[in-house]
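**Q** sequence unknown, structure follows:
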């Protein structure tokens, strides 16, 4: 299916998402923070990035801004457990493909991924 970069600092959630995506035949690379995700994104070909907003070293919004400087259309799904209006404004400005509020159902994540990848 697709090659996905997953940036999430919570190991349990990262593992759970990876296992679910692998079950649906997606290849997943994991990053525990935005800096690692940025390095992976620059050195590999991905179809999609799934990133948490709040992460150490480099948060999801700053990661997204860096990616947008290189690829204005790269598909990105943002996840967050804490949502503020200022976050909403930053996400809108960066043209995010989807936003998932934690806790979300894995079924919803899979459906969102399939919609995005089917558009490519």
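**A** Cool, the structure landed. Please read all numbers here as calculations on a predicted model, not as lab measurements. Numbering: from 1, shown residues only.
**Q** Poorly predicted segments of this structure, please.
**A** For the chain, the stretches with pLDDT under 70 are 83-94, 120.
**Q** outside of stretch 39-46, which residues touch it?
**A** Residues outside stretch 39-46 that contact it (C-beta atoms under 8 Å, 6 or more residues apart in numbering) are 3, 4, 5, 29, 31, 49, 67, 74. C-beta coordinates here come from the backbone N, C-alpha and C atoms, glycine included.
**Q** How about that stretch, which residues are buried there?
**A** Under the neighbour-count criterion of 16 or more other C-beta atoms under 10 Å, stretch 39-46 has 40, 41, 46 buried.
**Q** rewinding a little: now the contacts of stretch 39-46: which count as buried?
**A** The buried subset of the contacts of stretch 39-46 (16+ other C-beta under 10 Å) comprises 4, 5, 29, 31, 49, 67, 74.
**Q** Now do the SS call for residue 5.
**A** strand (DSSP: H, G, I helix; E, B strand; the rest coil).
**Q** Which stretches in the chain count as helices?
**A** Taking DSSP state H, the helices of the chain run over residues 11-23, 34-43, 60-70, 85-93, 106-119.
**Q** Please convert those helices to TSV, extending it with distance to residue 78.
**A** Formatted as TSV, the helices of the chain follow (distance: least, C-beta to C-beta, whole Å):
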stretch	distance to residue 78
helix 11-23	14
helix 34-43	12
helix 60-70	6
helix 85-93	6
helix 106-119	11
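**Q** Of all residues in the protein, which one is nearest the centre?
**A** By C-alpha atoms, centre = their mean, the chain has its centre lying nearest to residue 50, at 1.3 Å.
**Q** Dig out what the closest residue to that residue other than its chain neighbours forms beta bridges with.
**A** Once flanking residues are discounted, residue 50 sits nearest to residue 77: 4.6 Å by C-beta to C-beta, 6 or more residues apart in numbering. Counting by DSSP bridges, residue 77 forms beta bridges with residue 50, residue 98.
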